[in-house]
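# Curious how this folds, go ahead:
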Amino acid sequence: MRTNLITREGFEKLSNELNYLWREYRPEITQKVAWAASLGDRSENADYKENKRLLRQIDSKIRFLRKRLEVLKIVDYSPQQEGRVFFGAWVQIEDDEGASLKFRIVGPDEIYGRNDYISIDSPMARALLKKQVDDEISVQTPSGLKTWWLLAVNYT
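Residues are numbered from 1 along each chain as shown. Just a heads-up that it's a prediction; the model follows:
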């Protein structure tokens, strides 16, 4: 099951994507469909077929975003979180070989296109919740149980 949490930045990004699709991209493609339709025979018209397909994809994405934005709950930073790992935290961890990772714990809708974000639903994020600096974290990975140490937590 997907968590319905999102950071304010993530919510704004999805809202901006919806506005762009609805106010700019869809009208542009609708014009192309109308132009291609005016050329006559639609059965042989590649422009018409391609732009109609694109329009269906855009409409599908718009429906998805509208429904998703309705159920998402924005989680803002709270000073009580300081020093511990909660939703929206940037964390730095290190394994016993000295390999270090830095990432932010966010909602599942925010991780796409980012290598430095992980979902709150991931085993690593679940293991990190409520931990503080110098705590040891054990996470079950495909190659077995792996241990990490929490080096830093911040919310900026």
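# Now the element after the helix or strand encompassing Lys49, going C-ward?
Assigned by DSSP states H and E, Lys49 belongs to helix 46-71. Remark: after helix 46-71, the chain's next helix or strand is strand 73-74, criterion DSSP H and E.
# Is there a neighbour count for Trp148? I'd like the number.
Burial of Trp148 is recorded as 22 neighbouring residues (other C-beta atoms under 10 Å). All C-beta atoms are positioned from the backbone trio N, CA, C, and that covers glycine.
# Can you pull the domain assignment for this protein?
Following automatic domain parsing, one gets these domains for the chain: 5-74, 79-154.
# possible to save those domains as CSV with mean pLDDT?
Shown next, in CSV, are these (pLDDT from 0 to 100):
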stretch, mean pLDDT
domain 5-74, 93
domain 79-154, 93
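# ok, and what's touching the strand ranked longest in the chain?
Longest strand of the chain, by residue count under DSSP state E: strand 144-154. Residues from elsewhere that reach strand 144-154 (C-beta atoms under 8 Å, 6 or more residues apart in numbering): 83-85, 89-96, 100, 102, 128, 131-140.
# Select from those every entry located in strands.
Filtering the contacts of strand 144-154 for strands - DSSP E - leaves 90-95, 100, 102, 136-140.
# Now list the buried members of those residues.
Buried members of these, counted by 16 or more other C-beta atoms under 10 Å: Trp90, Val91, Ile93, Ile137, Val139.
# mind putting those residues in a markdown table, distance to Glu28 included?
Shown next, in a markdown table, are these (distance: C-beta to C-beta, whole Å):
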| residue | distance to Glu28 |
| --- | --- |
| Trp90 | 37 |
| Val91 | 41 |
| Ile93 | 44 |
| Ile137 | 48 |
| Val139 | 46 |
